[in-house]
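S.K.: below are the sequence and a predicted model for it; my questions follow.
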Amino acid sequence: SLTAGTIFHATHLPLTTWFLAIYLLTQRKSGISALQLSRELGVSYNTGWKLKHKLLQVMHERNQGERLSGRIELDDAYLGGERSGKRGRGAEHKFPFVAAVQTDEDGHPLRVQLRRVRGFTLAEIRRYAQQAIAPGSRVISDGLGCFRAFDTPLYVHDCHITGGGRASVKNPEFNWVNTLLGNVKNAITGTYHAIRGPHAPRYLAEFEYRFNRRYDLKAMIPRFLTVAVRTPPMPYRFLKMADSYA
């Protein structure tokens, strides 16, 4: 079978249904929930959920091989946090991730990166830097202690201690990363309302994948299919046991 060993492995759905799902996921700016996807495809919610997360897994695995370079705005962020209980950093229902934006010489955004992390510790950000940021990059961050991971000869670290409140949001050095975070949270919470922590890397990967290919929507589908046939099968038992960070 041509689909054996790919993300389409052992599917009982027509490939035309998969292709329509790929179109809906890649061409809509704000994404689409599994419930809405199942309605538009004419399948059950469970089938829609599995199909959607398999396609998000393709995006997630494709993003992992990409690194940012040049001028990069960096910030810490969380998803979740709406439920009652402990507030602030360390709340159990919050999912930490790093947001980064690579800009050109004129300060326009080129690519973004949204990566789930265990927490904002020095060791964890060092791991992230090795995987996601190319040596020689100029990294602009706030005064959070974990970002000292970029205080090495491999990077040019431009640290701005901004404090909290509106002053930090208005700092021009973080213009695009702040804009990005607002768009990410509006897109994810507006489309899904609530997400489970173990699946957060896939939801972040979906936004990242679409944003970085926003100028060539027509090419996104054939390029996605090329990656999909190179992505290993993802049975449901593994799909629901997603990694807690990426």
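M.R.: Perfect, thanks for sending it. Numbers count the residues shown, from 1 in each chain.

S.K.: and the residue nearest the centre of this protein?
M.R.: Centroid check for the chain by Cα atoms, centre = their mean gives Leu204 as the closest residue, at 2.5 Å.

S.K.: which phi and psi does that one have?
M.R.: Backbone torsions for Leu204, taken as degrees, to the nearest 10, come to phi -70, psi -40.

S.K.: what do you get for Thr179?
M.R.: Backbone torsions of Thr179, given as degrees, to the nearest 10, read phi -60, psi -40.

S.K.: tell me the predicted confidence for it.
M.R.: For Thr179, the pLDDT comes out at 90.

S.K.: then His108?
M.R.: Listed pLDDT for His108 reads 88.

S.K.: and if you look at Arg214?
M.R.: pLDDT at Arg214 comes out at 87.

S.K.: over to Arg237?
M.R.: As predicted, Arg237 sits at a pLDDT of 84.

S.K.: quick one: it and Arg127, what's the gap?
M.R.: The gap separating Arg237 from Arg127 is 27 Å, by Cβ to Cβ, to the nearest Å. Any C-beta I mention is one placed from the backbone N, CA and C, and that applies to glycine too.

S.K.: which strands or helices does the helix or strand hosting Val58 pack on?
M.R.: Remark: Val58 resides in helix 45-63, with elements defined by DSSP states H and E. For helix 45-63, the packing partners by 3 or more Cβ pairs under 8 Å, 6 or more residues apart in numbering; DSSP states H and E come out as helix 15-27, helix 34-41, helix 200-212, helix 217-228, helix 236-239.
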